[in-house]
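> Pasted the sequence and its predicted model underneath.
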Amino acid sequence: MAANKDVEKVDSAEEKPASPILIQMGIFAAILFVSSLISPLFPASFPVPTPVIGLVLLYILLASHIVKLRNVEKFGDFMISLIAFLFVPSGIQLAASLDILKTQGVQIVVVVLIATIVLLVVVAYTAALLIRIRKNVFHRNVDVDDDD
Amino acid sequence: MMILTATPHMAVWGKWLGDALGTNAAGASAGNALFGIFLSLVVYLFGQWLFKIGKGFFLFQPLFVGMVLGIFILYLMAKVFGTDTATFYKSAYLPGGNIIFWFLNPATIAFAIPLYRRNDVVKRFWLEIVLALIIGLVISLFIIYYAAKLFGLDKVGIASMLPQAATTAIAMPIATAIGGNAAVTAMACILNAVIIYALGDWLVKFFRINNDPIGAGLGLGTAGHTVGSAKALQLGSIQGSMASIAVVIISIVVDIVVPPFATMMGLR
């Protein structure tokens, strides 16, 4: 199966030593730079932020084996482990908009609470329905291997 | 301000502090970034410590504590320096905050790595994943839009609520593009995680979400971002991997779906 071949390739790639951290940072910097050149090409009515383009680019590069996991995963995993801390300034920037909280703060918190529950329930139910259609209409296997 | 300017001697200290923080006219141009970086680290590490000794009490999540405490400290310091919080934030905190904020770019790109690691699942279920996220998001957007309207949010408030399913770094520029307030969207994203951390187990049981492990994973990843995928991992590895896939794909789906939705609803 195609999926198994991929896993093997990933495994064999991991046996080779990881790229030096500066090379890994260089790959990230190159992807970011290219993404920042692509991002302004999208119209203002359909904004595509630089990190979205970078995410898709890195995924394509990984999936096409141009970039191997060992070239990027050390720096990438490190950045992901920091992600909660990196959001601190995004949270604190609310200090510049405290007046919107004074007038609409309670309502915003209530709407966020509703939105969170709605997103959870609606997405989960939609997915469950689609999976059931796949199983009952197309009779396709829906088991997932536990290989985490 | 009273303490710092009570005596001429103290006024010197006040000027010295103001220079360091970039709040004095002279220091403003210097834009000293160290205070912002230092404050971010201190409040986040304090949050981590509080979360540990509070045995994981839901309001003690490090990022939430960091946000509230950071804003509170800036508010107090603005009082001491006799300016308003927004001005003080811009001159003292923002230069350092921006440096940390910039690193969200490579960190967001890095989410391609866990996505690629689960490429076997992505390849088998890509149609269901993408369809579930698009359909689920569109239905949710309608409910969120009318809930926000019902509670009397203005146009800016409503537009700030719509992109919250995406990860913060992607939700903020979209919020700005559709006429929302990026700071409010960032707060919504942080609150999503706080709520899922606090109520996730109960919600999963109440709505019997775990009957379908793939749906449970996608729902938790969409609603609770990375905290949601940690919750999903507690339910099982299928849920965990689905949630981490959802965190990434929903951000791209939000980018595609939310701007036309905002246009359709006349928000811009």
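Here it is on my side, so go on.
> Does at least one residue of the helix or strand containing B:Leu199 sit close to chain A?
Assessed by DSSP states H and E, B:Leu199 sits inside helix B:182-206. Yes. Helix B:182-206 lies within reach of chain A by Cβ under 8 Å from any Cβ of the partner chain, at B:182-184, B:186-192, B:195-196, B:199-200, B:203. (Glycine included, C-beta is placed from N, CA and C.)
> list the buried ones in that helix?
B:182-197, B:199-200, B:203-204 (16 or more other Cβ atoms under 10 Å in any protein chain shown).
> Who are the packing partners of it?
Helix B:182-206 sits against helix A:88-92, helix A:98-136, helix B:62-81, helix B:155-161, helix B:168-177, helix B:213-235, with contacts defined as 3 or more Cβ pairs under 8 Å, 6 or more residues apart in numbering or on different chains; DSSP states H and E.
> Switch those helices over to a markdown table; also include mean neighbour count, distance to A:Ser36 and mean pLDDT.
Putting the helices and strands packed on helix B:182-206 into a markdown table (neighbours: other Cβ atoms under 10 Å in any protein chain shown; distance: least, Cβ to Cβ, whole Å; pLDDT from 0 to 100) gives the following:
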| stretch | mean neighbour count | distance to A:Ser36 | mean pLDDT |
| --- | --- | --- | --- |
| helix A:88-92 | 27 | 19 | 88 |
| helix A:98-136 | 20 | 30 | 89 |
| helix B:62-81 | 20 | 26 | 89 |
| helix B:155-161 | 23 | 25 | 92 |
| helix B:168-177 | 25 | 12 | 89 |
| helix B:213-235 | 27 | 24 | 89 |
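> A:Phe42 contacts A:Val48, correct?
Yes. When contacts are counted by Cβ atoms under 8 Å, A:Phe42 is listed as touching A:Val48 (4.5 Å).
> who's more crowded, those two?
A:Val48 (23 against 14; other Cβ atoms under 10 Å in any protein chain shown).
> Can you tell me the centre-most residue of chain A?
A:Leu55 (6.7 Å; Cα atoms, centre = their mean).
> how about that residue, secondary structure?
Here A:Leu55 is helix, with the state taken from DSSP: H, G, I helix; E, B strand; the rest coil.
> For chain B, see how far away it is.
5 Å (Cβ to the nearest Cβ, to the nearest Å).
> My guess is B:Thr168 contacts A:Leu86. True?
No. Contact between B:Thr168 and A:Leu86 fails when scored by Cβ under 8 Å: they sit 9.0 Å apart.
> list residues touching both of those two?
Residues touching both B:Thr168 and A:Leu86 by Cβ atoms under 8 Å, 6 or more residues apart in numbering or on different chains: B:Leu104.
> just to revisit the earlier point, didn't the residue nearest to the centre of chain A look like it was pressed against B:Ile109?
Yes. Using Cβ under 8 Å, A:Leu55 makes contact with B:Ile109 at a distance of 5.3 Å.
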